[in-house]
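# build me a structure from this.
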Amino acid sequence: MNFLALAQRGSFEAGLQGPGPSAVESQVNMNQHFIDWTRQAWIDIQRARDWSFMKKKAVFNTVIGDNEYTLGDINVTDFRRWLDLKGKQKIGETAADESPLTWYTFEEFESIYGVGTPSATRPTIVTWSDDNLITFNTLPDKVYSVTLPYIKAPQVFENSADEPTGLDEDLHMIIVWKVLESYALFDQAPDVIARYQSHYPQMFTNMRERYLPKTRIVPSALA
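Next up, the predicted model:
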């Protein structure tokens, strides 16, 4: 379902009379609420977990002698936050030459490398500050390809035809059930909150099973 269809379905599932919003622009009263709730529901769902469809990789080339890079420098425009996944940050002259970059917190990095002039060699450690300035422990002596995983910013519905990116169609209704929560709280409607509670948690579980890493259970050693 697209943005408009989701808002209309939310209005229907809430038990309101009429077809619901006729567009996503220039609506009034309850129809505008359903447009706003639908937009916010999808943002909230995307932010709820580190879903696999929200993960991306920044791949960029270093500049010889430059160990600091902004998001603009590496052409990342949909950034939300970095992923500090051990072994997933990589560097190499070629794919065959690739090796892991060790990630340090900014505080750890500054305590070790924050004083003096870095040497000119292949970087082995990376960090980023609160304002997302990427810094390597050395000044790259060659052009290296770097891969840094990150979580992208939530998709924000704007146009009627916008569909939830990355979410399988059979799970689109989770947005509708999330909308019902907002309506129920707004209108103090216990019957609607009951519908939300009977549908949303199970669909959220389905999302976790589909878009989060499987939990590996390691058997304990026998005494």
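# in this structure, which spans are strands?
Secondary structure of the chain (DSSP state E): strands located at 55-61, 68-69, 79-82, 90-92, 99-100, 102-103, 125-128, 134-136, 145-152.
# could those strands go into JSON lines alongside distance to residue 159 and mean pLDDT?
Using the backbone N, CA and C atoms, a C-beta is placed for each residue, glycine as well. Below are these laid out as JSON lines (distance: least, CB to CB, whole Å; pLDDT from 0 to 100):
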{"stretch": "strand 55-61", "distance to residue 159": "22", "mean pLDDT": "96"}
{"stretch": "strand 68-69", "distance to residue 159": "33", "mean pLDDT": "98"}
{"stretch": "strand 79-82", "distance to residue 159": "22", "mean pLDDT": "94"}
{"stretch": "strand 90-92", "distance to residue 159": "37", "mean pLDDT": "96"}
{"stretch": "strand 99-100", "distance to residue 159": "41", "mean pLDDT": "94"}
{"stretch": "strand 102-103", "distance to residue 159": "38", "mean pLDDT": "92"}
{"stretch": "strand 125-128", "distance to residue 159": "33", "mean pLDDT": "94"}
{"stretch": "strand 134-136", "distance to residue 159": "33", "mean pLDDT": "96"}
{"stretch": "strand 145-152", "distance to residue 159": "19", "mean pLDDT": "96"}
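# adding mean neighbour count, write those out as a markdown table.
Formatted as a markdown table, the strands of the chain follow (neighbours: other CB atoms under 10 Å):
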| stretch | mean neighbour count |
| --- | --- |
| strand 55-61 | 15 |
| strand 68-69 | 17 |
| strand 79-82 | 15 |
| strand 90-92 | 19 |
| strand 99-100 | 12 |
| strand 102-103 | 16 |
| strand 125-128 | 21 |
| strand 134-136 | 22 |
| strand 145-152 | 19 |
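# tell me where the model's unsure across the protein.
Applying pLDDT under 70 to the chain flags the ranges 85-87, 215-223.
# please redo it, this time with the cut-off set to 80
In the predicted model, the chain carries pLDDT under 80 at residues 84-87, 215-223.
# can I get the strands of the chain in JSON lines including distance to residue 191?
Listed next are these as JSON lines, based on distance: least, CB to CB, whole Å:
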{"stretch": "strand 55-61", "distance to residue 191": "38"}
{"stretch": "strand 68-69", "distance to residue 191": "54"}
{"stretch": "strand 79-82", "distance to residue 191": "36"}
{"stretch": "strand 90-92", "distance to residue 191": "53"}
{"stretch": "strand 99-100", "distance to residue 191": "54"}
{"stretch": "strand 102-103", "distance to residue 191": "49"}
{"stretch": "strand 125-128", "distance to residue 191": "48"}
{"stretch": "strand 134-136", "distance to residue 191": "51"}
{"stretch": "strand 145-152", "distance to residue 191": "36"}
